[in-house]
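Asks: Below is the sequence, then the predicted model.
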Amino acid sequence: MAMAAKEPKAEVRVVGKINGLTAYDVFYRFQSEGAIDWKSILVRQGPNSYREIYHDEPNEGKPNPSFLVKVGEETVLGVEDNKYRMDGVTEFWCFGAEGPQQLDFKPVWKAAREAIPADQFIVERPGGGLPNLVVSLPTLLRGSAPPCCEIRGVVKVSFRMQQCRLIVVGTEFQAGNHQ
């Protein structure tokens, strides 16, 4: 059984620097020694000036250290938190002229949905596809229970990144059971 923390604690870790802006993970501990209760990502935008771009108070799973990843010619900040069963949070930010911007995957999800049969769906999660500029998603049969067992194919969406925007350059659907 974990002991209750005597005082709330915050641990600050440098994640890295992108385009002159430094990103920090801040891990908060309120309830127990050793366990992380909350996580924030702060970006230093000037002397004594920080902006919170991410805040997590998980119910299940746990916060993890953020990371930098190379995407084409650019470096982005990534987070994969709260991994629990099939759930989790995966998000990315690029640091352009306007500061940190969360990457918008809507064009990728739209292209994937348009490439698959009408009786199938995808779970919109970027996963590890960002560095390769290709997201590969299993397609699931609508109305099946549980959906994890009715994989009907795979849709791959390739894209490029330009000024913090994801631009789809191709899609490919492969039918078949890919469990």
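Replies: All right, it came through fine. Note that this is a predicted model, so its numbers are computed, not measured.

Asks: buried ones in the host helix or strand of residue 158?
Replies: Residue 158 belongs to strand 151-162 when elements are defined using DSSP states H and E. For strand 151-162, the buried set under the neighbour-count rule, 16 or more other C-beta atoms under 10 Å, comprises 151-159, 161. All C-beta spots, glycine's among them, are computed from the backbone N, C-alpha and C.

Asks: Which strand or helix spans the most centrally placed residue in the chain?
Replies: Note on the chain: the residue nearest the mean C-alpha position is residue 90, at 1.8 Å, using C-alpha atoms, centre = their mean. Assessed by DSSP H and E, residue 90 sits inside strand 87-96.

Asks: Pairing partners for that strand, with directions?
Replies: strand 74-84 (antiparallel), strand 99-102 (antiparallel) (DSSP bridges).

Asks: worst average pLDDT in the ones you listed?
Replies: Mean pLDDT per stretch puts strand 74-84 lowest among the strands paired with strand 87-96, at a mean of 81.

Asks: could you check the angle strand 151-162 makes with that strand?
Replies: 150 degrees (axes from the mean of the first three to the mean of the last three C-alpha atoms, to 10 degrees).

Asks: give me the number of residues near residue 166?
Replies: Residue 166 has 24 neighbours, counted by other C-beta atoms under 10 Å.

Asks: Repeat that for residue 163.
Replies: Around residue 163 there are 11 residues (other C-beta under 10 Å).

Asks: Where does the prediction get shaky in this structure?
Replies: In the prediction, the chain carries residues with pLDDT under 70 at positions 1-6, 32-34, 82-88, 127-129, 144-149, 177-179.

Asks: hey, where'd the helices end up in this protein?
Replies: Applying DSSP state H to the chain gives helices spanning 106-115.

Asks: Which strand residues bridge the nearest residue to residue 172 once chain neighbours are set aside?
Replies: Once flanking residues are discounted, residue 172 sits nearest to residue 156: 4.7 Å by C-beta to C-beta, 6 or more residues apart in numbering. Beta-bridge partners for residue 156, by DSSP bridges, are residue 136, residue 172.

Asks: Please report the distance of residue 156 from residue 116.
Replies: To residue 116, residue 156 is 11 Å away according to C-beta to C-beta, to the nearest Å.

Asks: shared neighbours of those two, which are they?
Replies: Overlap of the contact sets of residue 156 and residue 116 (by C-beta atoms under 8 Å, 6 or more residues apart in numbering) consists of residue 173.

Asks: what number of residues lie near the closest residue to residue 16 other than its chain neighbours?
Replies: Among residues not flanking residue 16 along the chain, residue 68 sits closest, at 4.5 Å (C-beta to C-beta, 6+ apart). Residues lying near residue 68 (other C-beta under 10 Å) number 13.

Asks: What residues are bridge-paired with residue 68?
Replies: Where residue 68 sits in a bridge, its partners, by DSSP bridges, are residue 77.
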